[in-house]
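**Q** got a predicted model here, sequence first, then my questions.
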Amino acid sequence: MAIPLLRTDKEIAEIYQRHKNTVYRVMKGIFMPIKYAEDSIIQSNDATLYLLDLAEYGMLDGVRWMFLETKYGLVYSKDSYPSLAGAGNLEDIKEILREKLK
């Protein structure tokens, strides 16, 4: 089942209520946003959303490019980053990413 990219205000409010406690203000994390350009868009059906209308920077897909340290351990898209399997904390993630970005 395809998930529509553009949603109604009611749908957004319901999604927010379900997930509002996922990321807490006191959590530590590494976030890797990109700078949007004029051609940064999301299209669904016949609608186009220009991402610069929302923000100057953002996450590409809202799943990858984010690493959180929680009381349960590291939270990130483990399927997207198999090379980070040995990381135990954010410092480990930072060191691995530094090496890869050299």
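**A** All right, it came through fine. Since we're looking at a predicted model, the values are computed, not measured.

**Q** ok, for residue 30, nearest residue in space, not its chain neighbours?
**A** residue 67 (4.3 Å; CB to CB, 6 or more residues apart in numbering). (C-beta placed from N, C-alpha, C; glycine too.)

**Q** mind listing what the residue of the chain most remote from its centre touches?
**A** Here the chain reaches farthest from its C-alpha mean at residue 46, the gap being 25.1 Å by CA atoms, centre = their mean. By CB atoms under 8 Å, 6 or more residues apart in numbering, no residues touch residue 46.

**Q** count of neighbours near the residue nearest to residue 30?
**A** 23 (other CB atoms under 10 Å).

**Q** helix or strand for it, which one?
**A** Following DSSP states H and E, one finds residue 67 within strand 66-70.

**Q** next structured bit after the least confident helix or strand in the chain by mean pLDDT?
**A** Every helix and strand of the chain was ranked by mean pLDDT, DSSP states H and E. The lowest is helix 9-19, at a mean of 66. Downstream of helix 9-19, the next assigned helix or strand under DSSP H and E is strand 28-31.

**Q** these two touch, right, the residue nearest to residue 30 and residue 92?
**A** No: Residue 67 lies out of contact with residue 92 (CB atoms under 8 Å); the separation is 9.9 Å.

**Q** mind checking how far residue 76 is from residue 29?
**A** 9 Å (CB to CB, to the nearest Å).

**Q** please disregard the earlier target; I meant residue 99.
**A** To residue 29, residue 99 is 20 Å away according to CB to CB.

**Q** fine by me, thanks again.
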